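Asks: coords please:
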Amino acid sequence: MLKINMKGWKFWVLLPVLVIAIPVLWYLSIGWQQIPDKVPSTQQIHQQEFSSAADKAFASLQQSRSQQQMPALTAAVAWQGKLLWAGAAGYADIDSKRAASTQSQFRVGSTSKSVTATAIARAVAAGTLNLDVPISQYKADLPNPAWQNMTLRQLLSHTAGLPGYEQNDDWRGLVQSLLKQRHFADVDDALQVFDGATLQYKPGHGFLYSSFDVNLASSILQSASQTPFLDYLQQQLSVPLQLKSLGAADLPHPEQVTFYQSKNGQVKPHWPVDLTQKLAGGGMAASSVDLVTIGSAWFDPAFIPPQLQQEFWTPQRLADGSMNPQNYALGFRRTEHGNLFCDKDNPLQRKIRYVHHGGVSDGAQSWLVIYPDYQLVLAMNTNIVKENYCDFALQAAGILRPFLQQIDPSLF
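Replies: Numbering: from 1, shown residues only. Alright, predicted model coming up:
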């Protein structure tokens, strides 16, 4: 029998090598495979007056999945608080030939930030949180004293001064962020990934997009509500909105897809990762239907008061009065263009305003876009990562256009 000397220095030197080498060898043994040409597809039309638009959207969804060589692509559209349509094309898992469905659950990457912002808006409406008081009022045991006077408004708008992954000089945390192998049981525990990092600027005086901002905001929400972050999402989002798929990406779910990486039109399962280091900022999972339901809920005054809707969707200014460079609001970006997102070849008759957030995760991409002037919402997900984000997000234009043409023909 092999005996390991736990106190020997050789064991502790070899252990990290083994931890990395074993999964690497396993991963290298997995072969690449072709995405089948013929794949299953399905749609659900929830409002019959939009059946023609739905059929066009479904055809666009199928074409997009094929042209962009995605294992699966799902989308959903809602209008005035009602789900109009949902569609799915491709495979949730290629090996088992498990078809993607409208309930398929995907990693949503940074679209998690909008989910977290929705939960925080609920807490603000309930009086549990205030956007403009120092976060130390809610969490006295902050692990970094430089965080004491930050506000939730600054955290949700990425103006608090925290670093991004690339600027993180907390070296232990930097390594954990890169490897994505450590499991964190709680959002408070995950703060150690960046609690030793140097602030990039005085809170409120700059802008730097960072998941760390929203991760810290989730810890503040947890402390103020005295409810674990994931439980709060369940109580305040999943239960009232009847969501079936929203949860941490690392938790088992019967509808979760297999995530893939691609090369030259071929795919293989993505390297295993643990995203608990960034649940609130990039570690959540959901279906397109649930994402579009969350987006639509912002138009329900009983769910989120109208004044908070406006506040969370207003781009934030820096201390000197200038607008932040990404038109970032609170957990959302706000944009106004003369075309649908990424669709510059098809200009509209006038500019259209939209509130949105995209997400890129390990083997998945997500897109949530809200058109406030129409109360129109689209969500879209895939289980692959396109190098150019517009190769993914542009597909939403073809899916959404038939519905928008029916709602407002004068726009085209």
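Asks: all contacts plus neighbour counts: C-alpha atoms, from now on.
Replies: Fine.
Asks: show me where pLDDT drops low in the protein?
Replies: For the chain, the stretches flagged by pLDDT under 70 are 1-26.
Asks: how about the residue nearest the centre of it: what's its closest non-neighbour residue?
Replies: By C-alpha atoms, centre = their mean, the chain has its centre lying nearest to residue 111, at 2.1 Å. Nearest non-adjacent residue to residue 111, counting by C-alpha to C-alpha, 6 or more residues apart in numbering: residue 359, 4.8 Å away.
Asks: again with residue 289
Replies: In space, residue 289 is closest to residue 76, 5.5 Å off (C-alpha to C-alpha, 6+ apart).
Asks: sorry, back to before: A helix includes the residue nearest to residue 111, no?
Replies: No: counting by DSSP: H, G, I helix; E, B strand; the rest coil, residue 359 falls outside a helix, being strand.
Asks: got a list of what it touches?
Replies: Contact analysis of residue 359 by C-alpha atoms under 8 Å, 6 or more residues apart in numbering lists 108-112, 282, 365-367.
Asks: name the residues linked to it by a beta bridge.
Replies: residue 366 (DSSP bridges).
Asks: look up how far residue 298 lies from it.
Replies: Shown here: residue 359 relative to residue 298, a distance of 19 Å by C-alpha to C-alpha, to the nearest Å.
Asks: about what we covered before: tell me which residues form a beta bridge with the residue nearest to residue 289?
Replies: Under the criterion used here (DSSP bridges), residue 76 is bridged to residue 86, residue 379.
Asks: correct me if wrong: it contacts residue 379.
Replies: Yes: counting by C-alpha atoms under 8 Å, residue 76 does reach residue 379; the two are 5.5 Å apart.
Asks: return every residue with contacts to both of the two.
Replies: 288-289, 292.
Asks: out of those, which are buried?
Replies: 288-289, 292 (16 or more other C-alpha atoms under 10 Å).
Asks: quick check, nearest of the contacts of residue 359 to residue 384?
Replies: Nearest to residue 384 out of those is residue 365 (C-alpha to C-alpha; 6.6 Å).
Asks: returning to that earlier point: and the contacts of residue 359, which two are the farthest apart?
Replies: Going by C-alpha to C-alpha, the pair spanning those furthest: 282 and 367, at 12.9 Å.
Asks: more crowded one of those two?
Replies: residue 282 (29 against 26; other C-alpha atoms under 10 Å).
Asks: let me see the contact set for that one.
Replies: Here residue 282 is in contact with 108-113, 211, 275, 359, 361 (C-alpha under 8 Å, 6+ apart).
Asks: who wins for most neighbours among the residues you listed?
Replies: Neighbour max across the contacts of residue 282 (other C-alpha under 10 Å) = residue 108, 34 neighbours.
Asks: follow-up on the earlier one: show me the buried ones among the shared contacts of residue 76 and residue 379 that map onto helices.
Replies: Among those, the members falling in helices (DSSP state H) are 288-289, 292.
Asks: got CSV for these, with distance to residue 239 too?
Replies: What follows is these, written out as CSV (distance: C-alpha to C-alpha, whole Å):
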residue, distance to residue 239
288, 17
289, 15
292, 15
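Asks: between those, which is nearest residue 325?
Replies: residue 292 (26.7 Å).
Asks: can you verify my assumption that that closest one contacts residue 79?
Replies: No: with contact defined as C-alpha under 8 Å, residue 292 does not count as touching residue 79 (9.6 Å).
Asks: can you pull the residues that touch both of these two?
Replies: In contact with both residue 292 and residue 79: residue 377, using C-alpha under 8 Å, 6+ apart.
Asks: helices of the stretch 251-400 of the chain, residue ranges please.
Replies: In the stretch 251-400 of the chain, the helices defined using DSSP state H, counting those that start in this stretch lie at 279-282, 288-297, 306-312, 389-393, 395-407.
Asks: helices or strands next to the second one in the packing?
Replies: With contacts defined as 3 or more C-alpha pairs under 8 Å, 6 or more residues apart in numbering; DSSP states H and E, helix 288-297 has these neighbours: strand 72-79, strand 82-93, helix 239-241, strand 364-371, strand 376-382.
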